[in-house]
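Peer 1: give the three-dimensional model of this entry:
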Amino acid sequence: MKPTNRKKSLITSLGIILASLGLTYIPLPEISKNIVVVSGTELQEILPELETKFEQKYPQINLELKYQGSQDIINKYVDDQNDFTPTVLIPANREILEELETRWKAQNNSEPFYDKPQPIAKTILVAIAWPERGQVLFPNNQFSWQKISQAMEVGNWEKIGGKPQWGSFDFLTTNPTRSNSGQLTLSLWAKSEIGGATFTSQSLNNSSVKSLFSLVKRSVYLPPRSTDILLQEFIAKGENDADIATVYESIALHRWEQSRTTQGQPYQIYYLNPTIETVSTAAIARRDVSSGMVDAARKFIDFLRQPEQQKLFVQYGFRPIDQSLDLQSVPNSPWSQNIPGVKMNPGVQTMSTPNAEVLTEIKRLWERAN
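Peer 2: Coordinates of the predicted model:
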């Protein structure tokens, strides 16, 4: 071989080696990660906006949002009935996740979550009513479970001081076997029936509570599977088809303008006393979730807890977990919009969500009621 050809061959070989080394050390673009977030419907309005902000900050992470009633989140996950693989679960409260944990460990003898579940935002259970109906039922603007029970027993407005043309008394709540707000509604109602007795699964098993559940089940026709669906139905039906309902304060504040537009008047908000505070809580599921997905999920949960996102939660009617935020000072806060009945500090007793044992008994009694 001629010297010139040898030189060319050597240069070519060196070029191939250097190119190989270059390909080895040039950083490859980050692989896109897809995480599936399964949330209760109380977050259905805010999550798409948060999704856009998050994906702008983390363009290599794609969020896929799914919505189910909080009890459905647990049932479908434990029984593996979803046609997708959940990465992050965000039911309406921590106690729902505790139920999942108990059921999961009983079936699998392992931990269901990667990390300790993290609180995201808070709200409380309230009642809503069309103003004229509310004035008849609660003339002092104080909500009363006893007044609701009496109205259900007589069945129509004329017998409790309303106008004959108002027709039947129609109360709405969600299905307690599928939705957390329905469980909380029955919990508070049963608590009012029991009185000062200790609120346990055993205390629920008395004749007055069983009679109450039967009355409610006969009176509430086809209860919706989620709170957001219930409120949309309440607004769409209007007076004469939907009079009073129990919902989360957050969604009631967020949709009040829609009620004024659709029905020509906003509904009135009533604070229950006592009420129950729920804390939307996020957990990272273990089943079929890779370490890369876990890292992406942690970024998302941390993102939700940051001050800017907490302000957005306030704008959507939630009470923040960031205690330094003032509800009225946040731009576009519903607490500064003169919504009928709304109070920044309602001055009512706030109970924590009943434990999993009580909620299980609530569902059992509902299913057996007739």
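Peer 1: grab the longest strand from this protein for me.
Peer 2: Ranked by residue count under DSSP state E, the longest strand found in the chain is strand 118-129.
Peer 1: that one packs against which elements?
Peer 2: Applying 3 or more C-beta pairs under 8 Å, 6 or more residues apart in numbering; DSSP states H and E, one finds that strand 118-129 makes contact with helix 180-194, strand 244-248, helix 249-263, strand 268-271, strand 275-284, helix 291-304, helix 307-315, strand 319-320. Heads up, the C-betas are built off the backbone N, CA and C, glycines and all.
Peer 1: want to throw those into CSV with distance to residue 213, mean neighbour count and mean pLDDT?
Peer 2: Below are the helices and strands packed on strand 118-129 laid out as CSV (distance: least, C-beta to C-beta, whole Å; neighbours: other C-beta atoms under 10 Å; pLDDT from 0 to 100):
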stretch, distance to residue 213, mean neighbour count, mean pLDDT
helix 180-194, 7, 25, 94
strand 244-248, 15, 26, 96
helix 249-263, 24, 20, 92
strand 268-271, 22, 22, 97
strand 275-284, 18, 23, 96
helix 291-304, 36, 18, 97
helix 307-315, 34, 18, 96
strand 319-320, 30, 21, 96
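Peer 1: what sits against residue 91?
Peer 2: Residues near residue 91 by C-beta atoms under 8 Å, 6 or more residues apart in numbering: 39-40, 70-71, 73-74, 97, 180, 280-281.
Peer 1: re earlier: what comes up buried for the longest strand of the chain?
Peer 2: Buried residues in strand 118-129, defined by neighbour count with 16 or more other C-beta atoms under 10 Å: 118, 120-129.
Peer 1: which among these gets closest to residue 350?
Peer 2: Nearest to residue 350, judged by C-beta to C-beta, of these is residue 124 at 6.5 Å.
Peer 1: mind checking how far the closest one is from residue 113?
Peer 2: According to C-beta to C-beta, to the nearest Å, residue 124 and residue 113 sit 26 Å apart.
Peer 1: residue 261 too?
Peer 2: According to C-beta to C-beta, residue 261 and residue 113 sit 41 Å apart.
Peer 1: again with residue 349
Peer 2: The value you get for residue 349 to residue 113, if C-beta to C-beta is used, is 31 Å.
Peer 1: neighbour count winner among those two?
Peer 2: Neighbour count, other C-beta atoms under 10 Å: between residue 349 and residue 113, residue 113 has more, with 17 against 10.
Peer 1: give me phi/psi at that one?
Peer 2: As for residue 113, its main-chain torsions (degrees, to the nearest 10) stand at phi -120, psi 160.
Peer 1: which ones are touching it?
Peer 2: Counted by C-beta under 8 Å, 6+ apart, residue 113 has contacts 97, 101, 283-286.
Peer 1: so which of the residues you listed is the closest to residue 228?
Peer 2: Using C-beta to C-beta, residue 97 is the member of the contacts of residue 113 that lies nearest residue 228, at 20.0 Å.
Peer 1: what strand or helix carries that closest one?
Peer 2: Assigning secondary structure by DSSP states H and E places residue 97 in helix 94-108.
Peer 1: assumed residue 65 was part of a strand.
Peer 2: Yes - looking at residue 65 with DSSP: H, G, I helix; E, B strand; the rest coil, it is inside a strand.
Peer 1: count of neighbours near it?
Peer 2: Here the number of neighbours of residue 65 (other C-beta under 10 Å) works out to 15.
Peer 1: repeat that for residue 114.
Peer 2: Neighbourhood size, residue 114 [other C-beta under 10 Å]: 16.
Peer 1: for it, which non-adjacent residue is spatially closest?
Peer 2: For residue 114, ignoring the flanking residues on the chain, the nearest one in space by C-beta to C-beta, 6 or more residues apart in numbering is residue 284 at 4.3 Å.
Peer 1: residues touching the one you found, list them.
Peer 2: Residue 284 makes contact with 87-88, 113-115, 294, 297-298, 301, according to C-beta under 8 Å, 6+ apart.
Peer 1: ok, so of those residues, who is nearest residue 247?
Peer 2: Among these, residue 88 lies closest to residue 247 (C-beta to C-beta), at 24.3 Å.
Peer 1: mind listing what the closest one touches?
Peer 2: Neighbour list for residue 88: 35-38, 282-285, 297, 300-301 [criterion: C-beta under 8 Å, 6+ apart].
Peer 1: pLDDT value on it, please?
Peer 2: Listed pLDDT for residue 88 reads 98.
Peer 1: again, but for residue 356
Peer 2: pLDDT recorded at residue 356 is 83.
Peer 1: strand partners of the longest strand of the chain, parallel vs antiparallel please.
Peer 2: If you go by DSSP bridges, strand 118-129 pairs up with strand 244-248 (antiparallel), strand 268-271 (antiparallel), strand 275-284 (antiparallel), strand 319-320 (antiparallel).
Peer 1: residue 203 is in contact with residue 354, correct?
Peer 2: No - applying C-beta atoms under 8 Å, one finds residue 354 not in contact with residue 203, separated by 11.0 Å.
Peer 1: between these two, which one's more packed in?
Peer 2: A count of neighbours by other C-beta under 10 Å puts residue 354 above the other of residue 354 and residue 203, at 25 against 15.
Peer 1: assign the more buried one to helix, strand or coil.
Peer 2: Classification of residue 354 using three-state DSSP returns coil.
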